[in-house]
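Asker: I would like the atomic coordinates for the input below:
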Amino acid sequence: MTIERTFTFSFREEGREKSLTVPINLPFAGEQVDFIERLVLAHGIPAYVHDDLQRQLTSFIRTETQKWRDDQAEKSLKSFLGRKLILPESVEDQWAEKYASEHAECSGSVEQSEEAAFAQVYYSLIHSPALETLLQLEHAYASNVEQEIMGIERARKKMQERHSAEVERAVSHLGTKLTDQDINRLTSKHFEETEMFETQYASKLTDLVDSQRREYREWVATVRLDSLDTMPARPVQQPTRHSHSRNPSSGAPSAEPRGPVLEESFTIHLGAQMKTMHNLRLISCDVLDLCRHQSQPGDGGLSPQRLQTAMSLYSSSLAGVILLVDNRISSFIGIKKDFAELCKRSTEFHFPLLEQQLDTIRDTVVPFLDNRAVSSQSATPSGHSTPAVSPSHTSPDPSSLRTALETQNPGEGRSSASGSSTLKTGDFYVTRHSNLSQVHCVFHLVVDDAIRSSQLSSRQPCIVGLRNILHHAAMHNVFNISIPLLLSHEMTEEMTLQWCLKRAELVFKCVKGFMMENSAWSGSKTRTIQFVLPSDISVDVFSQFTAMLPNVFRLANALDLR
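Answerer: Numbering: from 1, shown residues only. Next comes the predicted model:
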């Protein structure tokens, strides 16, 4: 900011009074000597008054500049005093608040949730000498749950056999001793007895799981406190009392023996210039075998797969699997029921139970499904719904799999505006698990009967859903993911050799394209994709898939050290 002042200089020349008037901007910018020389040349000022001109100009600039500065200071003070006076204490509080909100070392301690605290304690124990004891305790609890479930199944089978025998005996006396009303009353009695049985044993199993979860968490917290109080390492003791425990070395009943597993592993290079290395694996097995514990008698639950899964539970290297499900968020039929029964075989100590997670997902996606249905109906004047894209819904804290994901994609299907939890083909939701063998999270991909078509293209909703799953897996540190290669968990009649080869080539090429277009796959960390084939596939067909994979992906060349 500058201000203009007028400088006047008077002098005598040849007996006459003369004056020089010049406007000057203050504060003065420049050299006064140069300014005086320009004045002398421009106005013809005699040489004998140069010293007077310089002396008066210097004094004028100094005096006027000081007056201007005093005026500016007085205006600033008046403006400051006209406002509300800020005391030094309030200024200090304002600075403290800003530092607390911007700098972590100055901020106050944030109250940690119970789940986050347990996750930290578990992570420290699983990477300590308490690892073996911790897994043996989990195995002992799983054995108790397994025994309880087997007892329930035996009791249910016995009750069903008794009901069948009573109905057969009653039917044989129909028309002689009994009437239709008697048969109806008997079946109603059996139905009520079955409901009472299921309610009673479900409550008993829930009580067992709740008590195990509570005891397990209390024991983990106690061991952690003991390890902090005592610096020298000492053997970790298992809890001496819990409601339904037995010797962990006895082992849980292992799953039924499976046939030999066909598998082949490959190492590939991804990218043209900045190459990254990834692992591909082709395996033929039941997809639920990746979730099922294959413990051997006497191992105490310390199988290599279980160790790896437990140690990487709260890490940035998670494992996931894709399950193909229908458009209902439930666990009543098909592979969803088998998966739910598998999850009940052992206690979930870290995350909500499967049914609780599904309830949360249903409550979360219903508003999105309603909005999608309304927008689809309003898009056409006739009221017919058209495919629409709904926004993705993702919850925070992905590295520990704290929340379920929900992604909506265009596809076939229909969602009514009345709050139905019906998804479209290509949608998927995620559940989190700590009690499975080789899996931390399960991506439930919605498919329909169109998946059986031999004309499936890369633009089909199920393929788009697969792409979105790989994208979210890369974002949330799922470094090992299992994909059904044929987009089917079992072989069916229409799956001829040509059908299988065409479908496998489509999935191979789509997965490769998804990996190359996603920047997360071009990082420095190596990821693993496991292509799962149905367990009843023949060796010859498996060999053809093995020969096809190197033609799609660029394999890493083996070094010859001879």
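Asker: Who are the packing partners of the longest helix seen in the chain?
Answerer: Counting residues, the longest helix found in the chain (DSSP state H) is helix 180-229. For helix 180-229, the elements it packs on are helix 114-126, helix 131-172, judged by 3 or more Cβ pairs under 8 Å, 6 or more residues apart in numbering; DSSP states H and E. The way it works is simple: take the backbone N, C-alpha and C, and place the C-beta from them, glycine included.
Asker: what about the shortest one, distance to the chain center?
Answerer: For helix 114-126, the separation from the chain centroid amounts to 18 Å (computed by Cα atoms, centre = their mean, to the nearest Å).
Asker: repeat for stretch 528-538
Answerer: With Cα atoms, centre = their mean, you get 25 Å for stretch 528-538.
Asker: swap in stretch 163-171?
Answerer: The answer for stretch 163-171 is 53 Å, by Cα atoms, centre = their mean.
Asker: now do stretch 183-200
Answerer: Distance, stretch centre to chain centre, for stretch 183-200: 44 Å (Cα atoms, centre = their mean).
Asker: one step back: in JSON lines, list the helices and strands packed on helix 180-229 along with mean neighbour count, mean pLDDT and distance to residue 26.
Answerer: Output for the helices and strands packed on helix 180-229, formatted as JSON lines (neighbours: other Cβ atoms under 10 Å; pLDDT from 0 to 100; distance: least, Cβ to Cβ, whole Å):
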{"stretch": "helix 114-126", "mean neighbour count": "16", "mean pLDDT": "85", "distance to residue 26": "64"}
{"stretch": "helix 131-172", "mean neighbour count": "16", "mean pLDDT": "89", "distance to residue 26": "79"}
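Asker: of these, which approaches residue 213 most closely?
Answerer: helix 131-172 (8.8 Å; Cβ to Cβ).
Asker: and the helix or strand immediately after the longest helix of the chain in the chain, what other elements does it pack with?
Answerer: Scanning forward in sequence from helix 180-229 by DSSP states H and E, the next helix or strand is strand 262-270. When contacts are defined as 3+ Cβ pairs under 8 Å, 6+ apart, strand 262-270 packs onto strand 276-284, helix 539-552, strand 554-555.
Asker: and strand 262-270, average pLDDT?
Answerer: Strand 262-270 shows an average pLDDT of 85 in the prediction.
Asker: Next, format the helices and strands packed on strand 262-270 as a markdown table and append mean pLDDT.
Answerer: A markdown table is the format used below for these (pLDDT from 0 to 100):
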| stretch | mean pLDDT |
| --- | --- |
| strand 276-284 | 88 |
| helix 539-552 | 89 |
| strand 554-555 | 74 |
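Asker: Tell me which of the ones you listed is the most buried.
Answerer: Comparing these by mean neighbour count (mean count of other Cβ atoms under 10 Å), strand 276-284 comes out on top with a mean of 18.
Asker: That strand relative to helix 539-552, how many degrees between them?
Answerer: Comparing the axes of strand 276-284 and helix 539-552 via axes from the mean of the first three to the mean of the last three Cα atoms, to 10 degrees yields an angle of 170 degrees.
Asker: what's in contact with strand 276-284?
Answerer: 261-270, 485, 515, 521-524, 526-535, 537, 542, 545-546, 549, 553, 556 (Cβ atoms under 8 Å, 6 or more residues apart in numbering).
Asker: hmm, 7 Å instead?
Answerer: 261-270, 522-523, 526-535, 537, 542, 545-546, 549, 553, 556 (Cβ atoms under 7 Å, 6 or more residues apart in numbering).
Asker: How about stretch 446-453?
Answerer: For stretch 446-453, using Cβ under 7 Å, 6+ apart, the contacting residues are 324-327, 412, 423-428, 462, 487-488, 492, 494.
Asker: Among those residues, which lie within strands?
Answerer: 324-325, 428 (DSSP state E).
Asker: on that earlier part again, which one of the helices and strands packed on helix 180-229 lies closest to residue 500?
Answerer: Using Cβ to Cβ, the helices and strands packed on helix 180-229 put helix 131-172 closest to residue 500, at 36.0 Å.
Asker: which SSE is residue 357 in?
Answerer: helix 354-379.
Asker: buried residues in that helix?
Answerer: 354, 357-358, 360-362, 364-366, 368-373, 376-377 (16 or more other Cβ atoms under 10 Å).
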